[in-house]
Structures are given as structure tokens and as C-alpha cells.
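Enquirer: Kindly generate the corresponding structure for this input.
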Amino acid sequence: QVQLVESGGGLVQAGGSLRLSCAASGRTFSRYAMGWFRQAPGKEREFVAAISWSGSVTYYADSVKGRFTVSRDNAKNTLYLQMSSLKPEDTAVYYCAAGSTIYSSAYNKRPEDYGSWGQGTQVTVST
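Expert: I've put the predicted structure just below:
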């Protein structure tokens, strides 16, 4: 199990940027593909981005491709999501998650493919 804590959320104007961080505990962080998901009020949790255990492979939802960048620093046990050109429709609680098994695919985009979750951080984009 990997314990995860997100930070970096907040209120930003449309067109602005934010960087989310996800701090992981445990020595096995570097063995897990990691993902970012988000959930807006009244909507299902949706996939945002994922990155392989090594960081060499990334995968994005079409809605954020070209605007968001996922990265990781395995030496610091930290996952990042750099969000740019933010839109009001990006408003949601953002969650980081670790793959349910070590060395799982970075192309998993279903919540059930992830076994550990953070508590979430709110991102609000105003017009």
C-alpha cells in the first residue's frame, strides 16, 4: 500500500495555472504507475492523466491534452500535475492514485485499476 497526500489546489482565474503535488509514503512509490483523476459535483470520477513507474510514459484524457503535464520525482516520492490554460470546466476535486499492482500499465484509466487514493484537493477555476 502507498499512502498519498495531495496539495496545491486553490482558486484561479480562467487561463491561469496551478501545480498539484502528491506526496507518497513508503519505499515502493517508484514501482507504481500513478494517475490523476478528478470529480466535479454531481459527476462521476474521471481520468485526467497517468504516468508509468519510470516516468517514461504518460497518458492524458483528451480534455486536458496539451494543457496539463504529469510528471514524477521518484527520489522525492512525489507526483505532479502542472495545469495550464485552465478552464471553468476543470473545476473539480483532484485525486492522485497509485496503480493496484506494481509495474502496472500507464494506460489504465479506470478508477478500479488504482488501489490507493489520496484525499483530494479542490481546484476552482473562475470566469
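Enquirer: Centre-most residue in the chain?
Expert: Central residue of the chain (C-alpha atoms, centre = their mean): residue 36, 2.2 Å from the mean position.
Enquirer: how close does it sit to residue 27?
Expert: Distance from residue 36 to residue 27, counting by C-beta to C-beta, to the nearest Å: 22 Å. To be clear about C-beta, it is placed using only N, CA and C from the backbone, and glycine gets the same treatment.
Enquirer: what about the strands in the protein?
Expert: In the chain, the segments counted as strands under DSSP state E are 3-7, 10-13, 18-25, 34-39, 46-51, 58-60, 68-73, 78-83, 92-99, 114-117, 121-126.
Enquirer: Now do the fifth one against strand 18-25, angle only.
Expert: Angular relation of strand 46-51 and strand 18-25 on a 0 to 180 degree scale: 70 degrees, by axes from the mean of the first three to the mean of the last three C-alpha atoms, to 10 degrees.
Enquirer: So what are the sheet partners of strand 46-51 and their directions?
Expert: strand 34-39 (antiparallel), strand 58-60 (antiparallel) (DSSP bridges).
Enquirer: Can you pull the poorly scored residue ranges out of the chain?
Expert: Nowhere does the chain drop to pLDDT under 70.
Enquirer: Please spell out which residue in it sits farthest from the middle.
Expert: residue 127 (23.2 Å).
Enquirer: Surely that one touches residue 12?
Expert: No - using C-beta atoms under 8 Å as the test, residue 127 is too far from residue 12 to be in contact (11.3 Å).
Enquirer: in the sheet, who's paired with residue 13?
Expert: The residues that residue 13 bridges to, once DSSP bridges is applied, are residue 126.
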